[in-house]
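Visitor: structure for the following, please:
(chains A, B, C and D)
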There are 2 protein chains.
Amino acid sequence: MNLKQLSHMLSLSQTTVSRALNGYPEVNEETRRRVMDAAKRHGYRPNPSARRLATGKTGMIGYVLPTGTSVDIDPHFVEFLSGLGDYARSHELDLVLSPADADDQETTYRRIVANRQVDAVYISSPRPADRRVALVNTLGIPFIVHGRSEGFDFDYPFTDIDNEGAFHEAARLLVQLGHRRLALINGDHRETFAIHRERGVRRALAANGLTLDDRHVCSLVMTEENGYRATRRLLEQSDAPTAIACSSLIMALGVVRAVRDLGLTIPGDLSLIAHDDVFPWLKPENFSVPLSTTRSSIRLAGARVAERLAARISGLEEEARGEVWPVDLVVRGSVAGAPG
Amino acid sequence: MNLKQLSHMLSLSQTTVSRALNGYPEVNEETRRRVMDAAKRHGYRPNPSARRLATGKTGMIGYVLPTGTSVDIDPHFVEFLSGLGDYARSHELDLVLSPADADDQETTYRRIVANRQVDAVYISSPRPADRRVALVNTLGIPFIVHGRSEGFDFDYPFTDIDNEGAFHEAARLLVQLGHRRLALINGDHRETFAIHRERGVRRALAANGLTLDDRHVCSLVMTEENGYRATRRLLEQSDAPTAIACSSLIMALGVVRAVRDLGLTIPGDLSLIAHDDVFPWLKPENFSVPLSTTRSSIRLAGARVAERLAARISGLEEEARGEVWPVDLVVRGSVAGAPG
DNA sequence: AGAGTCTTCCAAAGCGCTTTGGCTTTCCTG
DNA sequence: CAGGAAAGCCAAAGCGCTTTGGAAGACTCT
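Guide: Alright, predicted model coming up:
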């Protein structure tokens, strides 16, 4: 059942039927009802391929997925996707993942824009002066950055959490508890979120006349194993830290294991605060010692990004506005006063 | 730069240019070279929207993503996606995720097929007599099932691992080590993989005149918390098991925590074998007691599924052939002879 | 009553590609 | 050298929708 048949059936032109269906004003309400009705009765669904050829609109949002045998997709992606998908579903949007060589994403961005394959894209895990952001900005496709980049001469729309504030608060609490030597087990230091978190910790320390020893900063891919290794290295130093701020719950698993291996305890020998993106399958309150966290649901962020993308596509949102969400500091058993 | 312009530029018809580019035989090799050359020089890329309207081919594979506020996407999905994406990239395929109400995926399948939105789909986490499999089979779109369904009067193409064999081997090893009371902490018992795993355990026990106590079988969503709860419940029973087979590494985290909470040890009081889908961020050898596992890379499965989808799209693969991959049993420190 | 303005609808021209059917030209073959 | 096959190319008809540029009729206003 296509438009031609439907319009024939109604003794109307394709023009009128099309307009009636798409809510254009220049059609009699009575006629519109007739058309709508017939369309529903015959289960007419406009062919999206035809529609997109005519309009250029695809009803899809895009994400360029870095891949490669040695490239791992962040497990956070799933949760983000849950939120994104949940919103997208209710708005009849699909998500297209375009796999790209991790070292050459530009080609793929250019392709999906040139080919009009999607109406908008989002970018995640941005770095300062991220080339992807500059690229999509010049390419002129609607986009939202999940996270933040920096150092551009233009504004761009993003949704981020207050990473600096979160880690500032976490560090401040630890300092107030008497800790003088903090350590930070961070994610990849080339990404903005990691930079912001480190900045937050440093600022809190500086406010109390303390500093963050460079040997106490680890910047690693967020795996359990790296959490373990970093902790071993930190605690086996001469001036071992008495408190650790950790960028991920998964790494925190490794931290806990290392502490135990060394015959130490949390929070007796070491206080620990980790960032929690809120996974359904791993909860900080279920750690053997319940984990204090800076918490922000990445799933909600996914839904929000989808919402803003939809708004930009439909022209409801225009400005290059950035929004920063506050982060909860949730105190549980893993923090205590500094030992000794 | 579109076909019209290009053909004008070459003083050829659109027909000939199109045929030259798409490798049809009825064009002079000399002409073809000229066309190819000009196309490359001017960076001509056929407009996919136009092409798909004309051919119906989209260059995309589809996945219906169950969503909902209370629906969690399996973290395994990311790893599967890594493999799928890696293959897809090298073959210029995109993946479109169509979010659907978890309770009504049929509508979405029908939509993407009716609209010709994708060339093929894959289905994951199938159940016996899975309606999705029956549906796509009748809809006539190329597809691959990742995992297995059962109880149809037709054959269908799938790629699965030998879940039954894996858990059979795991249980057999435990029995040989003297264990008489095994327990199984399984995934959702409505899914085929869980059924097969249980069957494997039962078969191994039966071969030695043993049975799997119903109270020793847990079937739960695979979270750390559920692993913990299941283990507490199991070990606090009168006839507590001395060995556990566990369907996921994430649940195994909870198992380990529960054992520790109860003041018991692995493998002294309890032997443990878990299934490992091979996550880069959580490795069984890094558990406090290195975990014995049944191992199979879900990432490789993703690549294989993509490969088969591509083959089916291009007509290289036709038969409804199922393939079953063997699973490695990797023995590490978490298993030992039965206590007492 | 004539001019101007809405309202409501339509024919036809795209969108950019593939593919059908046919037309020349060249090359064999007997 | 005639006749048939094969090679190489083209014009034009889709694919199914949106949108432009009217046109016809109804209505208002002077």
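Visitor: may I ask which helix or strand encompasses residue A:62?
Guide: Residue A:62 belongs to strand A:60-67 when assigned by DSSP states H and E.
Visitor: what packs against the helix or strand that that strand is followed by?
Guide: Past strand A:60-67, heading to the C-terminal end, the next element that is a helix or strand (DSSP H and E) is helix A:76-90. Packed against helix A:76-90 by the contact rule (3 or more Cβ pairs under 8 Å, 6 or more residues apart in numbering or on different chains; DSSP states H and E) you find strand A:94-101, helix A:298-313, strand B:60-67, helix B:76-89, strand B:94-101. Quick note: C-beta positions are derived from backbone N, CA and C, even for glycine.
Visitor: tabulate those (a markdown table), appending mean pLDDT.
Guide: Putting the helices and strands packed on helix A:76-90 into a markdown table (pLDDT from 0 to 100) gives the following:
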| stretch | mean pLDDT |
| --- | --- |
| strand A:94-101 | 97 |
| helix A:298-313 | 97 |
| strand B:60-67 | 97 |
| helix B:76-89 | 97 |
| strand B:94-101 | 97 |
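Visitor: of all those, which one is nearest residue B:155?
Guide: Distance to residue B:155, taken as Cβ to Cβ, is lowest for strand B:60-67 among the helices and strands packed on helix A:76-90, at 21.1 Å.
Visitor: show me where chain A has its helices.
Guide: The residue ranges that make up the helices of chain A, judged by DSSP state H, are A:3-10, A:14-21, A:29-41, A:48-55, A:76-90, A:106-114, A:131-139, A:163-176, A:192-206, A:224-235, A:249-261, A:298-313.
Visitor: what sits up against the strand holding residue A:62?
Guide: Contacts of strand A:60-67 with the rest of the structure, by Cβ atoms under 8 Å, 6 or more residues apart in numbering or on different chains, involve A:73, A:88, A:93-102, A:105, A:108-109, A:112, A:117-124, A:132, A:306, A:309, A:313, B:81-82, B:85-86, B:88-89, B:96.
Visitor: so what's the residue nearest to the spatial centre of chain A bridging to?
Guide: For chain A, residue A:146 is the residue whose C-alpha lies nearest the centre (Cα atoms, centre = their mean; 4.6 Å). The residues paired with residue A:146 through beta bridges, assigned by DSSP bridges, are residue A:124, residue A:159.
Visitor: next, give phi and psi for the residue of the stretch 151-300 of chain A found nearest DNA strand D.
Guide: For the stretch 151-300 of chain A and DNA strand D, the shortest gap (Cβ to the nearest atom of the strand) falls at residue A:157, measuring 24.6 Å. The phi and psi torsions at residue A:157 (degrees, to the nearest 10) take the values phi -80, psi 130.
Visitor: pretty sure it is touching residue A:148, no?
Guide: No: counting by Cβ atoms under 8 Å, residue A:157 does not reach residue A:148; the two are 10.9 Å apart.
Visitor: which neighbours do these two have in common?
Guide: Between them, residue A:157 and residue A:148 share the neighbouring residues residue A:322, with contact defined by Cβ under 8 Å, 6+ apart.
Visitor: in JSON lines, list the helices of chain A along with distance to residue B:222.
Guide: What follows is the helices of chain A, written out as JSON lines (distance: least, Cβ to Cβ, whole Å):
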{"stretch": "helix A:3-10", "distance to residue B:222": "47"}
{"stretch": "helix A:14-21", "distance to residue B:222": "45"}
{"stretch": "helix A:29-41", "distance to residue B:222": "42"}
{"stretch": "helix A:48-55", "distance to residue B:222": "36"}
{"stretch": "helix A:76-90", "distance to residue B:222": "13"}
{"stretch": "helix A:106-114", "distance to residue B:222": "33"}
{"stretch": "helix A:131-139", "distance to residue B:222": "34"}
{"stretch": "helix A:163-176", "distance to residue B:222": "29"}
{"stretch": "helix A:192-206", "distance to residue B:222": "28"}
{"stretch": "helix A:224-235", "distance to residue B:222": "17"}
{"stretch": "helix A:249-261", "distance to residue B:222": "16"}
{"stretch": "helix A:298-313", "distance to residue B:222": "18"}
